[in-house]
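# Structure, please.
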Amino acid sequence: MSTTEAHPGESAGGAETAVPPSGIEILTPRDVPLGGPRAMRVRRTLPQRARTLIGAWCFADHYGPDDITETGGMDVAPHPHTGLQTVSWLFSGEIEHRDSLGSHAFVRPGELNLMTGGFGISHSEVSTPSTTVLHGVQLWVALPGEHRHTDRDFQHHVPSAVPLEGGEARVFLGTLAGDTSPVRTFTPLLGAELSVDPGARITLDVDAGHEHGLLVDRGDILFEGAALKPAELGYAAPGRSAVTVTNRGPEPARLVLLGGP
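All right, here's what the predicted structure looks like:
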């Protein structure tokens, strides 16, 4: 996924940051057109002026659920990336990916596609004709200086559901709840989709040396006691060896947990 902004690291419009007594920063999103002013819109929480990174996570876009008969879906023409990795994760729909490495793959719900731009790669992303509702997240990872010009690569991984008391996790990067993703990264990272049952409270052991972000897709959520609304991202500074998530709503909650040093 790409952006047409000249300076995507700068925040404008509705993006704000609030810090409640819990110490959790609340990052609110801003709407950004994907590929032009009449294109599908995404909700961006990273980067913004208040916070540009969570670990090496440098970009977080959340989109949908979009009826593509109204929005036109995703139609991103070939465009380049350097010095980063792109992480595609869907909740519904399907996206066709092609890149200059020769990769031809499909992004489907619950399946990770990770592309390493390294010294330079070009790719396109188009929602497939079978897609009716498109819904997911697009995340970028900044490569450290010593790996900025590494070889280009493409990885695909389908994580298993890990049962939790009050929900489940799908760990697509890093380690959580006893499960470790085999996907290669250049700095330690955590990326996982969480499902939390109605009324459930889940505590997860995490690396105290990492900072963490919790992006809410749906649910009435408390993150370490801070209330988060859908599309908001809660930020927890390093120093916590566990984080607690509560779903106060009557329906299952869906969240994305990110982390890194």
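
# And the strands in the stretch 151-261 of the chain, which stretches?
153-157, 161-164, 167-173, 175-176, 179-180, 190-196, 201-205, 211-218, 221-223, 226-228, 233-236, 242-247, 253-260 (DSSP state E, counting those that start in this stretch).

# helices and strands around the fifth one, which ones?
Just to be clear, that refers to strand 179-180. In terms of contacts (3 or more Cβ pairs under 8 Å, 6 or more residues apart in numbering; DSSP states H and E), strand 179-180 is packed against strand 167-173. Using the backbone N, CA and C atoms, a C-beta is placed for each residue, glycine as well.

# State the mean pLDDT of the strand it packs on.
Computed over strand 167-173, the mean pLDDT rounds to 98.

# quick one: low-confidence ranges for the stretch 1-150 of the chain?
Applying pLDDT under 70 to the stretch 1-150 of the chain picks out residues 1-16, 19-21, 35-39.

# make it 90
1-22, 32-41, 50, 68-82, 99, 101-102, 105, 118, 123-126 (pLDDT under 90).

# those helices in it, which residues are they?
68-71 (DSSP state H, counting those that start in this stretch).

# nearest spatial neighbour of residue 94, skipping sequence neighbours?
Of all residues not flanking residue 94 in the chain, residue 128 sits nearest, at 4.5 Å (Cβ to Cβ, 6 or more residues apart in numbering).

# quick one, what contacts the one you found?
Contacts for residue 128 (Cβ atoms under 8 Å, 6 or more residues apart in numbering) come out as 93-96, 106.

# Adding distance to residue 244 and neighbour count, write these out as CSV.
Shown next, in CSV, are the contacts of residue 128 (distance: Cβ to Cβ, whole Å; neighbours: other Cβ atoms under 10 Å):
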residue, distance to residue 244, neighbour count
93, 31, 24
94, 34, 18
95, 33, 24
96, 39, 16
106, 36, 13
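
# Enumerate every residue touching residue 222.
228, 244-246, 248.

# Separate out the buried members of those residues.
Buried members of the contacts of residue 222, scored by 16 or more other Cβ atoms under 10 Å, are 228, 245-246.

# so how far is residue 187 from the residue lying closest to residue 99 once chain neighbours are set aside?
Spatial nearest neighbour of residue 99, chain neighbours left out: residue 123 (3.7 Å); criterion: Cβ to Cβ, 6+ apart. Look at residue 123 and residue 187: by Cβ to Cβ, to the nearest Å, they are 22 Å apart.

# same thing with residue 230?
As judged by Cβ to Cβ, residue 230 and residue 187 stand 29 Å apart.

# out of those two, which sits in the busier spot?
Just comparing residue 230 and residue 187: by other Cβ atoms under 10 Å the higher neighbour count belongs to residue 230, 17 against 14.

# So the more buried one sits against residue 218, correct?
Yes. If you go by Cβ atoms under 8 Å, residue 230 and residue 218 touch, sitting 5.5 Å apart.

# Among the contacts of residue 222, find me the one that's closest to residue 257.
Among the contacts of residue 222, residue 245 lies closest to residue 257 (Cβ to Cβ), at 8.2 Å.

# Any idea what the closest one is bridged to?
When bridges are called by DSSP bridges, residue 245 pairs up with residue 202, residue 223.
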